[in-house]
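no sequence on this one, just coordinates:
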DNA sequence: ACTAGTTAGTTAGCCTAATTAATTAAATAT
DNA sequence: ATATTTAATTAATTAGGCTAACTAACTAGT
């Protein structure tokens, strides 16, 4: 055998799961008037800390205007507020009290959703998957 | 410890990788005038066999009109053609000769792309990931 | 202190890919 | 035969990205 040119089925399975996951999460978040992306931003700020638009754009591999629009929706809902940095160009997003409460609510329901998906999957398997995902991320940076 | 309510970081990593992967694949497919979804359909037909719109819609968790639009683009490019089944409602998509050639071309470049991402990842790790992805898929069906 | 170049963010307009609702036609079940 | 379900389409809408062009603020080189 000289060449191994068959496609890796891991990536295909990866792809197939994206929509069920997104649809499921949407079901869970819908009653809270929250999209997956909005939840993602609240989650980031809560877990990583206050962030600028550019930081989010880089982290998510989206362009900055996408973040502007998303942030505006959360501001309208009084879930985040913006503080100007010492560098006056930078607008640092923070959670409001209301945003903190929302995060804690959503965290519970999202966790329940995820737990329902992890049935029959062991800790060890999860760890291997995470390790592989991290390596993939590193390979993207090359 | 009575409750474990912290979010599973595997799903977050999963999410973060989606855009770099899609963007990378788009780079690879762009020169061939092909979107990721179009490639996905060609690939499905080539590897699984001729398929109806409904079959694809179910497999990908999208609505049927989405498949109609996608298929039309491939018909316009003469990459697939449609045969009516014995059930005359069903339109079965097949690859044309041109479509088969396109598949073989793309398979090579996509494989190279995937290989570049799999650096430092072992066969065994891949297998664990695939097994986990399959279990997740089963859990969605519940 | 001026100038040139860069970075952060916004606005406007566009595109793609998805959705829902309504329609037609064919197959199936009562 | 009639009613229901299934396959596919069309039309209209929505969500979430993108690029291009812009302002404002910072940085570095002269």
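Okay, I see it. Everything quoted here is computed from the prediction, not taken from an experiment.

And the pLDDT at residue A:9?
Looking at residue A:9, its pLDDT reads 88.

In space, what's closest to it - neighbours in sequence excluded?
Nearest residue to residue A:9, sequence neighbours excluded (CB to CB, 6 or more residues apart in numbering or on different chains): residue B:130, at 6.5 Å. C-beta: built from backbone N, CA, C; applies to glycine.

Next, the angle helix A:123-141 makes with the one helix or strand the one you found maps to.
Under the criterion of DSSP states H and E, residue B:130 resides in helix B:123-141. Here helix B:123-141 points in a direction 110 degrees away from that of helix A:123-141 (axes from the mean of the first three to the mean of the last three CA atoms, to 10 degrees).

So for helix B:123-141, mean pLDDT?
Per-residue scores along helix B:123-141 average to 93.

returning to that earlier point: I'd say the residue nearest to residue A:9 and residue A:8 touch.
No - with contact defined as CB atoms under 8 Å, residue B:130 does not count as touching residue A:8 (9.2 Å).

Tell me which residue lies nearest the centroid of chain A.
Nearest to the mean C-alpha position of chain A, by CA atoms, centre = their mean, lies residue A:40 at 4.0 Å.

wait, does the helix or strand harbouring it contact DNA strand D?
Taking DSSP H and E as the criterion, residue A:40 maps to helix A:36-48. Yes - using CB under 7 Å from any atom of the strand, helix A:36-48 comes into contact with DNA strand D via A:36, A:37.

following that helix, which helix or strand comes up?
Sequence-wise, the next helix or strand downstream of helix A:36-48 (DSSP H and E) is strand A:51-52.

Tell me which residues are up against that next one.
Residues outside strand A:51-52 that contact it (CB atoms under 8 Å, 6 or more residues apart in numbering or on different chains): A:44, A:45, A:85, A:90, A:91, A:92, A:93.
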